[in-house]
Each structure stands twice: as structure tokens, then as C-alpha cells.
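> my questions concern the predicted model and sequence given below.
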Amino acid sequence: MKKIKICTPVIGETLKKFLKNLDQVQEISSIVELRVDKIKNLSVKDLVLVRKRTKKEAILTSRRKDIILKSLNLGFDFIDIDVSMINDLKLSRFKQSKIILSFHDDEKTPGIQELTVLVHHMREYNIEVIKIATMVNDDQDIKNLLQILLNKKKNEKIIIIGMGKKGQIIRILGPLLGSFLTFASTKFGATAPGQIDIDKMKNIYKLLNYS
């Protein structure tokens, strides 16, 4: 039976708080998202410590170019790079981490034609994972996101996330239809609108005979 990958975010405004949260989140999740942007005065030394403390598969996520560059050779499993930053970074330098190339729209979901063109464009960078996260406002948005999943190439890794309350169905169904993983919140809070608590997600998949 297919193993569902549920990724949970780790947050914290200080390195000490972040590491404490990391220790706890790793106890309940098989893969963690290291949201390091809010750590004040983050240094390479701090990132090295975060890496050493990380025992589970991990995604380093930042929307700051300086943090991405500091993380290049530290051995994180994945580094999430927003597509808007891609032309400012030389992907050939990312030799120790796989790349998740992501697109976010926290207001709307583009039409199916625009999404299809976007995914085709992202494929051209020959990265390991494509991620699309958009706000879901109506049923058509749900259909558009699910269609992208159904159209994915064989063995292609793609993450589809629907934000907002109406997007929760995408968060649940996505992995069942081929999404590489889904995201869930913890007691430390959600990092995107519509995230479902990890315990609820696990119970849903258990009821569906997935684990």
C-alpha cells in the first residue's frame, strides 16, 4: 500500500526555540519543512547546527536569497526555491541537495491553461520536484489543480497544494492522486491557510486504509 508522505513545518523566531520545536516535530513526522526565515540573525553556523539536529528527511525553505546561498553545501535533502528567484541562482551550484521549484499564489488559482504553461516552464529547469501552491476560491480551482496532477508525467515528482478552507480537499486527495507529499500543521501553528493538523490527517488516511 502506498505510503503517504506528510510534511510538517518547523518554525521559531530564535535558534533555540526553532531547535526545540524541531526536536518535537521530528517525533511525529517522517519529513519536516525547515522554515528558517524568521530566525533572527541567522548565520551559516546556525544553519549547520540546524542540519546536524535534523534527523528526518528535510526541506529547507526560505524566500531569502542570502539564506538559500548559505545553505548550498550543507546537505539538506531538499531546498525549496521560489520560481521568481530561479534566475538569480545558479542551479549547478546545488550539488548536495535536491531542488523543489515552487510557485505560490495566495490570492487565486490560475486557469488550467496558465497552470499547464507554468508547469512546462518549470520542467525546463530539470529539477527534482515541482511544487504548485495556490489559493482555492471555488470548485473550478479544485478541478484545475487536480487536472495538473492527472496530467503529470510518469515518475515525475510534483506537489500540489490548495490553500484556504476550500483547498483542504486538495491537501487530502493530492497524495492519493500522485502528489509527492502533502503538508500538515502541528501544535506550533500553521504556516499556510488551510493546513490541517497532522493528527487529523493521519486519522483520515487511516480511515481510507492508507498510512
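Cool, got the structure. Numbers count the residues shown, from 1 in each chain.
> can you pull out the low-pLDDT segments for this structure?
For the chain, the stretches with pLDDT under 70 are 1-2, 211.
> burial check on the closest residue in space to residue 204 that isn't next to it in sequence, number of neighbours?
Distance criterion CB to CB, 6 or more residues apart in numbering; nearest residue to residue 204, sequence neighbours excluded, is residue 172 at 5.9 Å. C-betas here are computed from N, CA, C, even on glycine. Applying other CB atoms under 10 Å, we find 18 residues neighbouring residue 172.
> helices of the chain, start to end?
Along the chain, counting by DSSP state H, helices occupy 15-25, 44-53, 65-70, 112-123, 139-150, 168-173, 198-207.
> so for residue 82, which of these sits nearest?
helix 65-70 (9.5 Å; CB to CB).
> go through the closest one and flag the buried ones.
For helix 65-70, a neighbour-count test (16 or more other CB atoms under 10 Å) marks 67, 68, 70 as buried.
> now do that helix: everything it contacts.
Residues outside helix 65-70 that contact it (CB atoms under 8 Å, 6 or more residues apart in numbering): 36, 37, 42, 43, 44, 47, 62, 79, 81, 85, 88, 89.
> can you rerun that using 6 Å?
Helix 65-70 is contacted from outside by 44, 47, 62, 88, using CB atoms under 6 Å, 6 or more residues apart in numbering.
> contacting residues for the nearest residue to residue 184 once chain neighbours are set aside?
Nearest residue to residue 184, sequence neighbours excluded (CB to CB, 6+ apart): residue 198, at 3.9 Å. By CB under 6 Å, 6+ apart, residue 198 lies in contact with 8, 184, 186.
> picking that back up, so of the helices of the chain, which one's packed in deepest?
helix 168-173 (a mean of 20; mean count of other CB atoms under 10 Å).
> quick one: contacts of that one?
Residues from elsewhere that reach helix 168-173 (CB under 6 Å, 6+ apart): 145, 162, 182, 194, 204.
> now tabulate these in TSV and tack on distance to residue 103.
Compiled in TSV, the contacts of helix 168-173 are given as follows (distance: CB to CB, whole Å):
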residue	distance to residue 103
145	12
162	13
182	17
194	17
204	26
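> ok, so of those, who is nearest residue 15?
Among these, and counting by CB to CB, the member closest to residue 15 is residue 182, at 27.9 Å.
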